[in-house]
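*Asks:* model this:
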Amino acid sequence: MSGFDAAPGAGSAYDNAGAALAVVGRGGVVTRWTDAARRLLGHRAEEMLGQPAERLAASPTDAAGWFGREWSGRTILRRRDGRTVHAGLRVTALPGPDGTVDWLVSVLGAAESTPAVWVAENSPFPTAVWDSELRMVWLNAALARAYGPSWTERLGRSLEESPLYADTEQVRALFQQVLESGVAVIDRELDQRDRRWRRTYALSVFPVENARDGKPGVCSTNVDVTSSRRARERVTLLSRAGTRIGTTLDVMQTAQDLADVLVPAMADYVTVDLADAAELGDEPLARLGTTGSGAVPAFHRGGMASIREGIPESIWARGDPVYVPPHSPFMEVLATGRSHLEPVLDTSPGSWLDHDAGRREKIISLGMHSLLVIPIHARGEILGVAVLVRTENLVPFDENDRMVAEELVSRAALSLDNARRYTREHTAALALQRDLLPRNPSGGNALDVVWRYLPSDRRGGVGGDWFDVIELSGARVALVVGDVVGHGISAAAGMGRIRAATLTLAALDLPPAEVLAHLDDLLARLAAEDFESKAMPTAITGATCLYIVYDPVSRRCCAARAGHPPPALVEASGAVTLLDIPAGAPLGVGRQTYENVEQELSEGSTFVLYTDGLVETRDHDIDFGLERLRGALTQRPGASLEDLRSAAVGTVPAGEQADDVVVLLARTRSLGPDQVMEWELDADPAAVGGVRATAVRALAEWGLERLVPAAEQIIGELLANAVLHAAGPLRMRLIRDQVLVCEVFDSSLNVLRTVSAGPGDEGGRGLAIVAALASRHGSRGTPTGKCVWAELPLPPGSATDDGM
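*Replies:* Next up, the predicted model:
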């Protein structure tokens, strides 16, 4: 290729009298135009004066930055007939007397384009010409557009001074090879990297000759082949995945194969974390429960891989439960099924890492800077997440990486699902147990609750131990712990039947002893049905249960137990007692009676409920275990619930756990006088209005004016019902808890029933009105009669924890 002239040096001379000159004034319009400019570009003066100077540029983008500063460099001008002219421009400031600045534009060394130059100049590929000393002497418009107008100022500079290529040493050797051999090099791929991006270019270099002096040079052309490079890498990666993943029906091995394929092809560190629903075959069941920071065991670590030896990035080993904060990207992906792309991993205060100090420390110390979390979808279910992290690779993840990772993980997901289905029987047992235990037990404003479940069968992982925390009316809370004999699916199913029945009986607001009596009768009837049908036994062969109801208004508890170990009570001072509750017979014997025991508690006392696996081992009886538990909990004033839980669980030495263990701890709180108001009145219709008016004022004092219309109606109906149908004296109580509770106590033992009033009935409408206004309503028995209650949700922003 020939016809390219070297750029003129900074000291090129020209004759001002005969040079092509123009003056450009305010707004970039031409104000002076010489005859030499007409001869060069074909435009007459009358055609150019008042016209924008940018129309002279071969491309409008080439004119960007022409004016506003003094400069000189090469550019391409367009003639009147459409042909292009390569020229050097020198732009000089002409200050005016009024402070304005015009610009003198001088054309230096213009040369009309030959067809070869015209083709090169209009090529869409960035092209440059280098002389024998590898200085840039020409570039086309595509190169200037790609790298900015300032590249015209780099003419005459060496390869190293024109940072077009990241690896200038490699490119210089390539250029030198072409100069010396005269043989072109075509499509040599080069990577261009920055901290924020990576591009791949195909570089072609061929020899050229200077038209003036015949000296050799080279011409370089760059073609962006990033897309094709990514396509090749994608095909290679998917091909490798197809041969590596899915060769076994073992879930854990398949997860590990996926991690191995992704490192280092896509990431520097990868984990494959499987949700509990992914059926981990024979892998251990996680020890359920929350950590002190609130992290939850959402996954098991199925596989992991790293470019670093020993995988120092991982906090957990394969098979371990993986704890994550509830509001982390991992839980978000698990809940939504959508990938999470975080090109720059945010470790600043206020991020989800505030609740995960261990991960934050690892991320910062090991330089993890980019995160990609991909859901593992299979047949409409999310089996877990694949977590990709970059450390040494400084290029952040982008949308293309997300799409490739999603395709690869989706293929692996099918293999994981096949392995999962292969172990469905064991997985069904795990899922059954998980579904039958409460997910997020809450004691409301009455109790702070923590718990722990420890299975003894690390392989089967299914037992009959269970617990529940049930919010009752009047801000009260029921604590329940039970144990069904045996292990496996039948024990878990029996536990589920007892728990469901307990929830139903709790909704009736029965005393603990009556709840246990009904459960005993239910189990006895189920056993009789099995015996009469002579079918395979499915009934529960034996169960124990402890049921406690705590009232935060009176700070009293009522408890009963059916063959279950007694609960421990830890006072705020650190003293520990075992509550003296008659043991009663285990459930299922039939026709048993149980005894309620009531006790007043000091605020801040802690219930410790547990199953017998905590206090019975192969080598020691229950009395030894009870004393060991008492000793572990004693003399710990001010200890947190988490510390007490750890102390309780720690009483079972490693290797001695013979049965499943449930530990439930609940610390009491009370409702203060500013949250409870009571009124006593006679069963007289005349007293209803005064009490109702006083209650309305109380609501105003609590800032609950928005509830007044509905509350006033409910209070009136409940009091009117008590006056008409019950016996006095009456007592009304308002409780400001998570909801507004309206209660009316009377001395009648008649059961309250809500019936639909007919069109001609004069009564029966009051409780129907209460049912329509209240979020919940009902009645419960008391030692002296009954209580009729209704609840109204608090308006947004009015809930308070003061005194709770």
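*Asks:* for residue 267, see how far away the spatially most central residue of the chain is.
*Replies:* Centre of the chain computed as the mean C-alpha position; nearest residue by Cα atoms, centre = their mean is residue 329, 2.5 Å away. When distance is defined by Cβ to Cβ, to the nearest Å, residue 329 is 15 Å away from residue 267. C-betas here are computed from N, CA, C, even on glycine.
*Asks:* what's the answer for residue 717, then?
*Replies:* Taking Cβ to Cβ, one finds residue 717 at 65 Å from residue 267.
*Asks:* looking at the two, which is more packed in?
*Replies:* Taking other Cβ atoms under 10 Å, residue 717 and residue 267 do not tie; residue 267 has more neighbours (26 against 22).
*Asks:* contacts only, for the more buried one.
*Replies:* Residues near residue 267 by Cβ atoms under 8 Å, 6 or more residues apart in numbering: 372, 388-390, 393.
*Asks:* before we move on, what SS does it have?
*Replies:* On the three-state scheme (DSSP: H, G, I helix; E, B strand; the rest coil), residue 267 is labelled coil.
*Asks:* domain parsing for the chain?
*Replies:* The chain breaks down into these domains under automatic domain parsing: 1-113, 123-224, 230-422, 438-668, 674-793.
*Asks:* output the ones you listed as TSV; include the columns distance to residue 432 and mean pLDDT.
*Replies:* Rendered in TSV, the data for the domains of the chain read as follows (distance: least, Cβ to Cβ, whole Å; pLDDT from 0 to 100):
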stretch	distance to residue 432	mean pLDDT
domain 1-113	68	75
domain 123-224	49	78
domain 230-422	12	86
domain 438-668	5	86
domain 674-793	30	84
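*Asks:* tell me how far the residue lying closest to residue 367 once chain neighbours are set aside lies from residue 730.
*Replies:* Residue nearest to residue 367 in three dimensions, not counting chain neighbours: residue 391, with 4.9 Å by Cβ to Cβ, 6 or more residues apart in numbering. As judged by Cβ to Cβ, residue 391 and residue 730 stand 71 Å apart.
*Asks:* who has more neighbours, the two?
*Replies:* residue 730 (24 against 18).
*Asks:* tell me who's in contact with that one.
*Replies:* So residue 730 contacts 680-683, 719, 722-723, 744-746 (Cβ under 8 Å, 6+ apart).
*Asks:* how does it look with 7 Å?
*Replies:* Residues near residue 730 by Cβ atoms under 7 Å, 6 or more residues apart in numbering: 681, 683, 722, 744-746.
*Asks:* among the residues you listed, which are located in strands?
*Replies:* Among these, the residues falling in strands (DSSP state E) are 681, 744-746.
*Asks:* out of those, the closest to residue 491 would be?
*Replies:* residue 745 (42.0 Å; Cβ to Cβ).
*Asks:* list the contacts for that closest one?
*Replies:* Going by Cβ under 7 Å, 6+ apart, the list of residues near residue 745 reads 730-731, 782, 785, 787.
*Asks:* please redo it, this time with the cut-off set to 10 Å
*Replies:* 678, 680, 722, 726, 729-733, 782, 784-789 (Cβ atoms under 10 Å, 6 or more residues apart in numbering).
*Asks:* what do you get for residue 563?
*Replies:* Residue 563 neighbours (Cβ under 10 Å, 6+ apart): 483, 516, 542-546, 583-589, 592, 594, 612.
*Asks:* mind checking how far it is from residue 358?
*Replies:* Taking Cβ to Cβ as the measure, residue 563 falls 42 Å from residue 358.
*Asks:* same question for residue 594.
*Replies:* 46 Å.
*Asks:* the two - which one has more neighbours?
*Replies:* residue 594 (25 against 13).
*Asks:* need the three-state assignment for that one.
*Replies:* Applying three-state DSSP: residue 594 is coil.
*Asks:* I'd guessed it sits against residue 520; true?
*Replies:* Yes: at 7.9 Å, residue 594 and residue 520 qualify as touching, with contact defined as Cβ atoms under 10 Å.
*Asks:* identify the contacts common to these two.
*Replies:* 545, 562, 584-585, 587.
*Asks:* dump these to a markdown table, plus secondary structure.
*Replies:* Formatted as a markdown table, those follow (three-state DSSP):
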| residue | secondary structure |
| --- | --- |
| 545 | strand |
| 562 | strand |
| 584 | coil |
| 585 | coil |
| 587 | strand |
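*Asks:* how about these, which pair is most distant?
*Replies:* Farthest-apart pair in the shared contacts of residue 594 and residue 520 is 545 and 585; separation 11.1 Å (Cβ to Cβ).
*Asks:* now do the shared contacts for the two.
*Replies:* 516, 520, 562-563, 594.
*Asks:* the stretch 351-500 of the chain: helices as residue ranges?
*Replies:* In the stretch 351-500 of the chain, the helices defined using DSSP state H, counting those that start in this stretch lie at 357-366, 399-422, 424-436, 489-507.
*Asks:* adding distance to residue 446 as columns, could you present those helices in CSV?
*Replies:* Converted to CSV, the helices of the stretch 351-500 of the chain look like this (distance: least, Cβ to Cβ, whole Å):
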stretch, distance to residue 446
helix 357-366, 31
helix 399-422, 41
helix 424-436, 24
helix 489-507, 14
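*Asks:* what's the closest of those helices to residue 57?
*Replies:* Distance to residue 57, taken as Cβ to Cβ, is lowest for helix 399-422 among those, at 35.2 Å.
*Asks:* run through the bridge partners of the nearest residue to residue 641 once chain neighbours are set aside.
*Replies:* Using Cβ to Cβ, 6+ apart and skipping the chain neighbours, the partner closest in space to residue 641 is residue 450 (4.5 Å). When bridges are called by DSSP bridges, residue 450 pairs up with residue 665.
*Asks:* and residue 450, how many residues sit next to it?
*Replies:* Residue 450 has 21 neighbours, counted by other Cβ under 10 Å.
*Asks:* what do you get for residue 35?
*Replies:* The tally of other residues near residue 35 (other Cβ under 10 Å) stands at 12.
*Asks:* from residue 181, how far out is residue 454?
*Replies:* Residue 454 is 75 Å from residue 181, by Cβ to Cβ.
*Asks:* when these two are compared, which one has more neighbours?
*Replies:* Neighbour count, other Cβ under 10 Å: between residue 454 and residue 181, residue 454 has more, with 22 against 10.
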